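mind folding the following:
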Amino acid sequence: MSNLTLIIGNKNYSSWSLRPWILLKHHHIDFQEKKVALFTQTTDEELSDYNSDYKVPILKDNELLIWDSLSILEYISEQYLENHGWPVDPHERSIARSICSEMHSSYFHVRNELPMNCRKKINTITLSQDTSKEIERICWLWRMCRNAHKNRGEWLFGEFTIADAMFAPIAIRFYGYSIPLPAIEERYMKSVLNHPSTIEWIDASKRETEVIQSVEIDTQ
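Model (predicted):
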């Protein structure tokens, strides 16, 4: 049995949980998965032993606890991937870390107006100017990375890295809310959606029965 346990939230809603999950899956790292349904009467109690301020995800490696998605991704890279979760080239690695940190700390309007919901396909949605600007910024980052590495593979830095794990939930959001994208960005979004682990995650989300009403978007 694996020493690793990844504690996640609802697959339909928990974008932060997807990030370390997809990196582990992509690299075929064996781990146990424990799901804690979010926003229930027992959520805080179930998360109280993990030092994470009642947030997911959490990675448990034997008795060691790591929380916060980006910290978990760094830990997986260091301990299980010989630091190859990031691009090998120092210049590329610096850019990858920069866009991941930006993803981690920014895009509040995208998060609020386009909450993660793997089960829904919304054909039209009216976006605020702030959200549209954030989408333009994300597209610019994707285009910059893809143009620089288009001859080395389909991912942001050629090979799949932590950067792709960090932006995977954004690709799901863009598809689910039918956000129109230029050709380069649309191809990258489709690469994320066609990843076997993304397909596995979305399929599992559709089998969930929990509904978090506060993040459900009215499509009427």
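
pretty sure I202 contacts A171?
No: between I202 and A171 there is no contact under C-beta atoms under 8 Å: 11.1 Å. Glycine gets a C-beta too; all of them are placed from N, C-alpha and C.

looking at the two, which is more packed in?
A171 (23 against 18; other C-beta atoms under 10 Å).

hmm, that one is touching L193, no?
Yes: counting by C-beta under 8 Å, A171 touches L193, with 6.2 Å between them.

for T161, what are its contacts?
Contacts for T161 (C-beta atoms under 8 Å, 6 or more residues apart in numbering) come out as G85, W86, P87, A96, W155.

mind listing the strands for this protein?
Taking DSSP state E, the strands of the chain run over residues 4-8, 32-35, 58-61, 64-67.

out of those strands, which is closest to P115?
The closest approach between P115 and any of the strands of the chain, judged by C-beta to C-beta, belongs to strand 4-8 at 16.6 Å.

quickly run through the sheet partners of that closest one, with directions.
Using DSSP bridges, the strands paired with strand 4-8 are strand 32-35 (parallel), strand 58-61 (antiparallel).

what stretches of this structure score poorly on pLDDT?
Filtered on pLDDT under 70, the chain yields the residue ranges 1, 218-220.

by residue count, tell me the biggest helix in the protein.
In the chain, assigned by DSSP state H, the helix with the most residues is helix 129-149.

what comes up buried for that helix?
T131, E134, I135, I138, C139, L141, W142, R143, C145, R146, H149 (16 or more other C-beta atoms under 10 Å).

make CSV out of those and add distance to L114.
What follows is the buried residues of helix 129-149, written out as CSV (distance: C-beta to C-beta, whole Å):
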residue, distance to L114
T131, 7
E134, 10
I135, 9
I138, 11
C139, 14
L141, 17
W142, 16
R143, 19
C145, 21
R146, 21
H149, 26
